[in-house]
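Engineer: Fold the stuff below for me.
(one chain, ligands or ions: 2)
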Amino acid sequence: MIKVEEKLFQNRYRVDAEHPHINIGNPEVCQVECKTQQCTYCCPAGCYTREGNGRIVLITDGCLECGTCRIICTEFRNVEWEYPRGGYGILFKFG
Ligand code: SF4
Ligand code: SF4
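Structural biologist: Numbering: from 1, shown residues only. Ligands and ions are numbered 1, 2, ... in the order given. Below you'll find the model as predicted:
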């Protein structure tokens, strides 16, 4: 039985460094107003991390393009999300 982590490890990802497909609209909203910061624990790829000062750091390398972060940021709608340009992003090996 293959674990999910092992499956994820087999995905390939091509980073589009100049055009990240997800952006945080207003970082201050994350840091000051959003008390729950659910993006930091709902992203299956761990793209969002919280720093000690409450600032959210978003690194989209390894993003699975699931759209969860956009959907869960309901209160502030602070996630700007679009699919990567052709040829970039994730290449799923399983499913
Ligand atoms: S859930 Fe939305 S507003 Fe809250 S920290 Fe994450 S991106 Fe920012
Ligand atoms: S689209 Fe999914 S994998 Fe990518 S950053 Fe958002 S929650 Fe994480």
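Engineer: Do a quick rundown of the strands in this structure.
Structural biologist: Using DSSP state E, the strands of the chain run over 12-14, 22-24, 48-50, 56-58, 79-81, 89-91.
Engineer: The last one pairs with which strands, parallel or anti?
Structural biologist: Put plainly, it is strand 89-91. Sheet pairing of strand 89-91 (DSSP bridges) gives strand 12-14 (antiparallel).
Engineer: which parts of the partner strand are buried?
Structural biologist: Y13 (16 or more other Cβ atoms under 10 Å). Just so you know, the C-beta spots here come from the backbone N, C-alpha and C atoms, and that holds for glycine as well.
Engineer: quick one, what contacts the residue lying closest to I56 once chain neighbours are set aside?
Structural biologist: Closest residue to I56 apart from its sequence neighbours, by Cβ to Cβ, 6 or more residues apart in numbering: C30 at 4.2 Å. C30 is in contact with 24, 37, 39, 54-56, 76, 78, counting by Cβ atoms under 8 Å, 6 or more residues apart in numbering.
Engineer: And for V15?
Structural biologist: Here V15 is in contact with 60-61, 88 (criterion: Cβ under 8 Å, 6+ apart).
Engineer: follow-up on the earlier one: highest neighbour count among the contacts of C30?
Structural biologist: Comparing those by number of neighbours (other Cβ atoms under 10 Å), C39 comes first, having 24 neighbours.
Engineer: Could you tell me how far the nearest residue to that residue once chain neighbours are set aside is located from K7?
Structural biologist: Distances taken as Cβ to Cβ, 6+ apart put Y48 closest to C39, at 4.2 Å, once the chain neighbours are dropped. According to Cβ to Cβ, to the nearest Å, Y48 and K7 sit 21 Å apart.
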